[in-house]
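Enquirer: The following comprises the amino acid sequence and a computationally predicted model.
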Amino acid sequence: MTTLRTSRRRLAAVSAVAAATLLATSACGGGNGDSEGGGDYNSGVNKVANASNKKGGTLKFVGVQDADSWDTSRMYYGFVFDFARYYARQLVSYSPKPGKKSVDLQPDLATDKAQISDDGKVYKYTLKDGLKWEDGKPITSQDVKYGIERQWAQKTLSGGPTYIKDVLDPGGKWKGPYEEKSEFEGIKTPDEKTIEFHLPKPNGDFEQMLAMPTNSPVRKDKDTKSKYTLHPFSSGPYKFKSYTPNKSLLLVRNKHWDSKSDPLRKALPDQVKVTLLTNPNERDKRLLNGDADLDLNQRGMDVAGRQKALKEHKGNVDNPQTGFISYVAFPQSVKPFDNVHCRKAAIYGTDHKSVQTARGGPTGGGDLAVNMLPPVVPGHDASDDQYGIRKNDGGANVAKAKEELKKCGKPNGFSTTLAVRNTDAADVKSAESIQASLKKVGIKVEIDQFDGSQGPSIVGNPANVKKKGYGMILYGWGPDFPSGQGYGIELWHSSKIRDNGNNNYGLIDDPKIDKGLEEAIAELDPEKSAERYAEVNKQVMAGAHYLPLTYLKVVQWRSERLTNVYAADSFSGWYDFASIGVK
């Protein structure tokens, strides 16, 4: 999933060291207990702030970026996955609980979790009784199948993740519902209440994939194809009333939704209103003034707003651990980073502490990252610090850097170019910090800023990367769904190297890493699978393919009007929108 394009890559996951490592400087209460809390600092971290079942009112979001698409098949931004649960349901979804408890899957449209047979290759579900669309017609298994099959229509509906498509049809033989007249045999619907998925080979994360909003039902007669984003047809508690792209969105209650069939969504507000701006400072001003309740995009407040909130309104602030990591990749197509020792020299030579400070310190930027698996992803091992980053308190290890430079045949250093998005101020500051620290060990770094919205065709194009001489690419990433596969396969597996839209920026093509990932994916035991992902992560770090910077944390605002607010690991440490109400 994910590039941190307004939080693109999706869902975060659970681990024993999961979300919400609170700051030692936290002063105004909060804490890490599981009990319900009120309006103190971090009241929405690992507990519920202002618990209430009161219905009514208008929940007011403000954001600085619209959805990539409100069409469930095409969405990929993280906040859109979260928001989509207002109007779209899935066979299974996540528990409405704070922190790591949120990642437990629960039946949603289905009566229960999957009946798994044939050694993990068949998943069977039965739909609940009384499920209805916004016009009162029943939701059928065929609607679920059709909604998922739209993933195959990449010519018309490009943009969203295709995990289910890739698992069920790895060879891409079926051409999709718009081109094929024949039925897709990988999904069977023997009647209107039953749906079966037939996998060519086992995949331990298949049910996690089904929980993604991109696998919501779509009714064929309501499918307007590329225009579906303007009015997705609702299977959830709210429906679209009005939408003006890049300006506003208003959801109202879907009278045909039945709370008895849906214990996962509280549906407390009468309306959900979204106002879209272009200026982050104006967004923060509206939050601080009480003109809006929370940030739609969940990227955290900017510097000025963050400072004021922490100083004057600390009781309205949460500082959750997100599922994202900031990092630098070393494309092996660009010399001298085809040499592992040159890559290690850059890792040792970077002053990680100065990068953390540039990103906003432990509060605004996050904890020092010592490896490439964020703390909220199963398999994260805090002790896997192969480059002594934490041991050295984040400082550069100049002696080790120069030792590695000698090993790679560049004792006097070398020159390279670091590519960074101009749309992310924290990334640019991080790049400047890296540039300054590497200069001290003889590595001269030129910074090239590019349009972040064009990332897939700039740094995601290996030919362009080589042409531009991008030896270093600074980016952010988080999991699409709660597992090492949902996080790491795009970054590490050789099969994911693409001519365009590539996310394996390091161009890792290592049979051991590929095999480790494939074994972890095939493992049906989550704990054993997590152990395998931890081993893959160790191999990735041993190969010095990435320079980890920080495990991102953000300062999130919640207005005093809000009830049932909590950060959920299932949504990358962001607030679970579907549970929030207003006083």
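Expert: Perfect, thanks for sending it.
Enquirer: List the residues that contact residue 563.
Expert: If you count contacts by CB atoms under 8 Å, 6 or more residues apart in numbering, residue 563 has them with 49, 50, 51, 52, 54, 268, 580, 581, 582, 583. Using the backbone N, CA and C atoms, a C-beta is placed for each residue, glycine as well.
Enquirer: For the fifth one, which non-adjacent residue is spatially closest?
Expert: Think residue 54. residue 581 (6.2 Å; CB to CB, 6 or more residues apart in numbering).
Enquirer: repeat for the fourth one
Expert: Setting aside the residues directly before and after it, residue 52 is nearest to residue 563 in space (CB to CB, 6+ apart), at 3.9 Å.
Enquirer: Bridge partners for the one you found, pull those for me.
Expert: Here residue 563 shows beta-bridge partners residue 581, assigned using DSSP bridges.
Enquirer: how near is it to residue 95?
Expert: Plainly put, residue 563 is 18 Å away from residue 95 if you go by CB to CB, to the nearest Å.
Enquirer: go on, residue 475?
Expert: Residue 475 sits at a distance of 30 Å from residue 95 (criterion: CB to CB).
Enquirer: just to revisit the earlier point, between the contacts of residue 563, which has the most around it?
Expert: With neighbours taken as other CB atoms under 10 Å, the top of the contacts of residue 563 is residue 49, carrying 27 neighbours.
Enquirer: quick one: which of residue 475 and residue 95 has more around it?
Expert: residue 475 (27 against 16).
Enquirer: Residue 249: which element?
Expert: Assigned by DSSP states H and E, residue 249 falls within strand 248-253.
Enquirer: same thing with residue 489?
Expert: Residue 489 belongs to helix 484-492 when assigned by DSSP H and E.
Enquirer: Could you export that helix as CSV, CA atoms only?
Expert: In CSV, the C-alpha atoms belonging to helix 484-492 read as follows (Å, rounded to 0.1, in the frame of the first residue of the first chain):
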residue,chain,number,x,y,z
GLY,A,484,4.1,-8.1,6.9
GLN,A,485,2.7,-8.9,3.5
GLY,A,486,0.5,-5.9,3.5
TYR,A,487,3.5,-3.8,4.4
GLY,A,488,6.6,-5.5,2.8
ILE,A,489,5.8,-7.3,-0.4
GLU,A,490,5.6,-4.1,-2.4
LEU,A,491,8.9,-2.8,-1.0
TRP,A,492,11.0,-6.0,-1.0
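Enquirer: one step back: can you pull the pLDDT of the residue nearest to residue 52?
Expert: With respect to pLDDT, residue 563 has a value of 97.
Enquirer: cool, and residue 30?
Expert: Predicted confidence (pLDDT) for residue 30: 33.
Enquirer: What of residue 481?
Expert: Model confidence at residue 481, expressed as pLDDT, equals 87.
Enquirer: How about the secondary structure of it?
Expert: When classified by DSSP: H, G, I helix; E, B strand; the rest coil, residue 481 comes out as coil.
Enquirer: picking that back up, who does the following helix or strand past the strand holding residue 249 pair up with?
Expert: Remark: after strand 248-253, the chain's next helix or strand is strand 271-276, criterion DSSP H and E. Note on strand 271-276: by DSSP bridges, its sheet partners are strand 58-63 (parallel), strand 248-253 (antiparallel).
Enquirer: now the last one, how far from the centre of its chain.
Expert: Its chain's average C-alpha position is 24 Å from that of strand 248-253, according to CA atoms, centre = their mean, to the nearest Å.
Enquirer: Any buried residues in that strand, and which?
Expert: Using 16 or more other CB atoms under 10 Å as the test for burial, strand 248-253 gives 249, 250, 251, 252, 253.
Enquirer: Need the pLDDT of the nearest residue to residue 422 once chain neighbours are set aside.
Expert: Excluding the flanking residues, the one nearest residue 422 by CB to CB, 6+ apart is residue 449, at 4.0 Å. Confidence at residue 449, expressed as pLDDT, is 96.
Enquirer: Now for residue 449: which residues touch it?
Expert: Residue 449 neighbours (CB under 8 Å, 6+ apart): 419, 420, 421, 422, 428.
Enquirer: Likewise for residue 71?
Expert: Neighbour list for residue 71: 157, 160, 228, 229, 232 [criterion: CB under 8 Å, 6+ apart].
Enquirer: correct me, but the second one touches residue 69?
Expert: Yes - under the criterion of CB atoms under 8 Å, residue 160 lies in contact with residue 69, with a separation of 7.3 Å.
Enquirer: Quick check: neighbours shared by the two?
Expert: With CB under 8 Å, 6+ apart, residue 160 and residue 69 have common neighbours 75, 76.
Enquirer: name the helices or strands packed onto the helix ranked longest in the chain?
Expert: Taking DSSP state H as the criterion, the chain has its longest helix at helix 526-542. Here helix 526-542 touches helix 484-492, helix 511-522, going by 3 or more CB pairs under 8 Å, 6 or more residues apart in numbering; DSSP states H and E.
Enquirer: Thanks a lot, see you next time.
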